[in-house]
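J.: Return atomic coordinates for the entry below.
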Amino acid sequence: MKFVSNLPDQEHVPYKFIAAEPHFKKVVGYFRTSDYATMGAIGAGFPAAHLLWERSSPSFHPKHLPRLMMIQVPFFLSVGFLFACQRSYFRFWGWSENAIEAARWESEADSRPTAASDKPKRWTEGQDW
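T.: Residues are numbered from 1 along each chain as shown. Prediction:
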């Protein structure tokens, strides 16, 4: 059962659908180099642009700028991380190109154990209640 009912399925996406609700570790583990570059560009680019803007046309007293940067850098690094997670989720859902992730998912699926068919059944399973 899907936790969120409006997630895509194989019939309604332009690329191969991989998983509807992948675990967070899988999402981060499937980051591409471009995701890390985007995260770093957002995390460093926006504070740098603000610093250059403040140098050219100051709106704060210069003594407040270091404190402002201490707030901006972690904030925009977290924004970049969330943006990279979004890009990875889009590839899992098939909303963007995901040939690399689909091939990796299939190769890992071959090494995963099969379903719990060899487990002993619980006493309630198979009962007609």
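J.: these two touch, right, Val13 and Trp93?
T.: Yes. Between Val13 and Trp93 there is a contact at 6.5 Å, judged by CB atoms under 8 Å. From N, CA and C alone the C-beta is placed, and that goes for glycine too.
J.: Look at these two and report which has more neighbours.
T.: For Val13 versus Trp93, neighbours defined as other CB atoms under 10 Å are more numerous around Trp93 (21 against 16).
J.: The more buried one and Ala99, how far apart?
T.: Applying CB to CB, to the nearest Å, the value for Trp93 to Ala99 is 15 Å.
J.: ok, now Glu21?
T.: Distance, Glu21 to Ala99, by CB to CB: 21 Å.
J.: element containing the residue nearest the centre of the chain?
T.: Taking CA atoms, centre = their mean, the centroid of the chain lies closest to Cys85, which sits 1.9 Å from it. In this structure, Cys85 sits in helix 65-93 according to DSSP states H and E.
J.: so how far is that helix off the chain centroid?
T.: Put simply, helix 65-93 sits 11 Å off its chain's centre (CA atoms, centre = their mean, to the nearest Å).
J.: All good on my end, thank you.
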